[in-house]
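> using only what follows, build the 3D model:
(one chain, ligands or ions: 1)
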Amino acid sequence: MHTNSIIELSETAYQKNVDFLKTTFGKKVIVSSVVKGNAYGHGIAEFTSMAYNCGINHFSVFDVQEAKAVKEVLEDKVTVMVMGLVNDEDMQWVIENNVEFFVFDKSRLNQAIKISKKINKKAILHIEVETGMNRTGFDKKDLNAVISIVKKEIQHLYLKGLCTHYAGAESVANYYRVDNQIKKFEEIYELFCKNDLKPEMRHSACSAASIMFPQTRMDLVRIGIMQYGMWPSPEVFVTYLQAKKNKIDPLQRVISWKSKIMSVKNVKTGDFIGYGTSFMAKRNMKIAVVPIGYCHGYSRSLSNQGRVLIHGQRCTVVGSVNMNMMTVDVTDVDIAKKEDEVVLIGTQKTLAVSVASFSDFSNQLNYELLTRISTAIPRKIKQ
Ligand SMILES: *Cc1c(COP(=O)(O)O)cnc(C)c1O
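Presented below is the predicted three-dimensional model:
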């Protein structure tokens with residue numbers, strides 16, 4: 001290893017997740033792999049190429065930069081859909097490259113029409129409608145105008161999809177709100193059809209909605225967290241299990257993050273470790289220094305709390321996580337020495353550190369912790 005650490009992606013685990021998703025949703029539903037946020041920290045280039053090998057040919061990204069990253073690897077072999085930002089100056093590249101995109105306000109709609117006229121090529125739209133999340137999406141009052149503009153300019157536009165996004169499908173507490181959104185979305189679809197503007201497909205589900213509300217699967221599901229082998233929340237996992245006879249988790253973590261011990265030292269009872277006084281040795285201790293810190297995405301909130309694996313044993317981070325390194329208690333790992341493997345996320349012998357346990361045991365944080373992992377760390381696909 002020439003770097004501080006390495007991230008490994010398990011193709012076997014990913015293939016299992018894809019197979020599970022495809023069997024769950026059935027042949028008629030397209031699984032769009034959501035790879036925003038550097039593929040949830042997995043590394044967009046490596047991850048999308050692996051996903052393609054595992055049978056994925058539809059990707060959802062947040063912005064044009066990410067769309068370019070996918071195109072760079074997979075060219076025109078896959079469909080790329082931008083769910084968020086398309087700057088006006090990027091619209092031409094987007095249309096020229098058959099990149100599909102969400103349209104949720106009039107200025108983007110007008111820009112799409114303007115550029116498609118200019119280059120004489122149809123823009124491929126997914127009209128996003130507001131159903132109750134109150135983030136992006138056309139409001140109900142604008143829909144008649146949108147419908148008439150799209151119909152008028154239909155020789156420049158290809159209405160590929162009608163879509164929306166739910167406000168917290170991962171929690172039963174939001175059941176009423178999400179249920180209302182589903183009904184609204186259905187009404188809006190009917191409004192389009194009544195006006196002779198039938199979108200080719202409808203889509204609305206993220207991971208959580210696809211399990212909690214199966215009727216939201218429609219023609220395509222936008223799956224982020226579950227393809228990486230994690231549940232959006234414990235509630236979603238429990239809901240999934242309830243319907244199953246065998247109580248086995250079908251998802252497997254794809255990511256592993258590994259480093260090596262940089263140096264080892266002994267510390268006497270009563271000494272403080274690292275900056276300040278947050279950790280005092282209560283016995284004579286052996287400490288391993290690991291060259292990973294918050295600049296690599298290992299959160300400072302894991303100071304005196306994070307767990308790593310060394311020689312198959314769970315070891316605790318002691319003292320604060322620094323910018324480039326941290327200290328770990330290896331008092332009970334006699335053989336621990338410089339160059340030994342340190343697992344930050346992943347498995348070693350019989351133990352595992354999940355992303356969730358790497359935080360404060362709340363699955364909600366999976367998203368945030370994963371996306372914080374530095375883009376500079378090399379990613380490697382292994383079987
Ligand atoms: C991030 C995102 C998703 C995927 O969410 P997961 O919970 O990771 O499955 C789906 N749709 C939109 C619009 C998103 O922004």
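> give me the phi and psi for Asp271.
The phi and psi values for Asp271, taken as degrees, to the nearest 10, are phi -80, psi 150.
> actually His58, not the one I typed
Main-chain dihedrals, His58, degrees, to the nearest 10: phi -140, psi 130.
> name the nearest residue to it, ignoring sequence neighbours.
Sequence neighbours aside, Ser32 is the residue nearest to His58 in space, at 4.2 Å (criterion: CB to CB, 6 or more residues apart in numbering). C-betas here are computed from N, CA, C, even on glycine.
> who's in contact with the one you found?
The neighbourhood of Ser32, defined by CB atoms under 8 Å, 6 or more residues apart in numbering, consists of His58, Phe59, Ser60, Thr79, Met81, His203, Leu220, Val221, Arg222, Ile223.
> so what pLDDT did the last one get?
Note for Ile223: predicted pLDDT of 98.
> also the fourth one?
What the model reports as pLDDT for Thr79 is 98.
> ok, now the second one?
Per-residue confidence at Phe59 stands at 99 (pLDDT).
> okay, and it sits in which element?
Element membership of Phe59, judged by DSSP states H and E, is strand 58-61.
> which element follows that strand toward the C-terminus?
Using DSSP H and E, the helix or strand that directly follows strand 58-61 along the chain is helix 64-74.
> contact partners of the helix or strand just after that next one?
Once helix 64-74 ends, the next helix or strand along the chain (criterion: DSSP H and E) is strand 79-82. If you take CB under 8 Å, 6+ apart as the criterion, strand 79-82 is touched by 32, 57-64, 66-67, 70-71, 94, 99-102, 126.
> one step back: dump the contacts of Ser32 to CSV, plus neighbour count and distance to Ile119.
Written out in CSV, the entries for these read as follows (neighbours: other CB atoms under 10 Å; distance: CB to CB, whole Å):
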residue, neighbour count, distance to Ile119
His58, 18, 24
Phe59, 29, 23
Ser60, 28, 24
Thr79, 19, 20
Met81, 24, 20
His203, 26, 27
Leu220, 24, 27
Val221, 26, 32
Arg222, 23, 28
Ile223, 22, 32
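> what subset of the residues you listed is also close to the ligand?
Contacts with the ligand within those, counted by CB under 6 Å from any ligand atom: Arg222, Ile223.
> pick out whichever of the contacts of Ser32 sits closest to the ligand.
Taking CB to the nearest ligand atom as the measure, the ligand sits nearest to Arg222 out of the contacts of Ser32, at 3.7 Å.
> hmm, Ala205 and that closest one touching each other?
Yes - counting by CB atoms under 8 Å, a contact exists between Arg222 and Ala205, whose distance comes to 6.7 Å.
> what does the chain put close to the ligand?
Checking the chain against the ligand by CB under 6 Å from any ligand atom, the hits are Val34, Lys36, Met83, His165, Cys206, Ser207, Ala208, Arg222, Ile223, Gly224, Ile225, Pro232.
> output the longest helix belonging to the protein.
Criterion DSSP state H: the longest helix present in the chain is helix 175-194.
> mind checking how far it is from the chain centre?
Put simply, helix 175-194 sits 26 Å off its chain's centre (CA atoms, centre = their mean, to the nearest Å).
> beta partners for Tyr158?
Using DSSP bridges, the bridge partners assigned to Tyr158 are Ile124.
> also Met285?
The residues listed as beta-bridge partners of Met285 by DSSP bridges are Val267.
> how much space between it and Ser5?
Distance check for Met285 against Ser5: by CB to CB, to the nearest Å, it reads 24 Å.
> equivalent analysis for Ile119, please.
Counting by CB to CB, the gap between Ile119 and Ser5 amounts to 44 Å.
> ends of stretch 257-265, how far apart?
Using CA to CA, to the nearest Å, the end-to-end distance of stretch 257-265 comes out at 24 Å.
> could you report the neighbour count for whichever residue of the stretch 151-300 of the chain sits closest to the ligand?
Per CB to the nearest ligand atom, Gly224 is where the stretch 151-300 of the chain lies closest to the ligand, at 2.3 Å. Residues near Gly224, counting by other CB atoms under 10 Å, number 22.
> list the contacts of the closest residue to it other than its chain neighbours.
Nearest in space to Gly224, with sequence neighbours left out and distances taken as CB to CB, 6+ apart, is Val34 at 3.6 Å. Under the criterion of CB under 8 Å, 6+ apart, the neighbours of Val34 are Tyr40, Phe59, Ser60, Val61, Met83, Cys206, Arg222, Ile223, Gly224, Gln227.
> quick check: the farthest pair among the residues you listed?
In terms of CB to CB, the contacts of Val34 reach their longest pairwise distance at Met83 and Gln227, which sit 15.5 Å apart.
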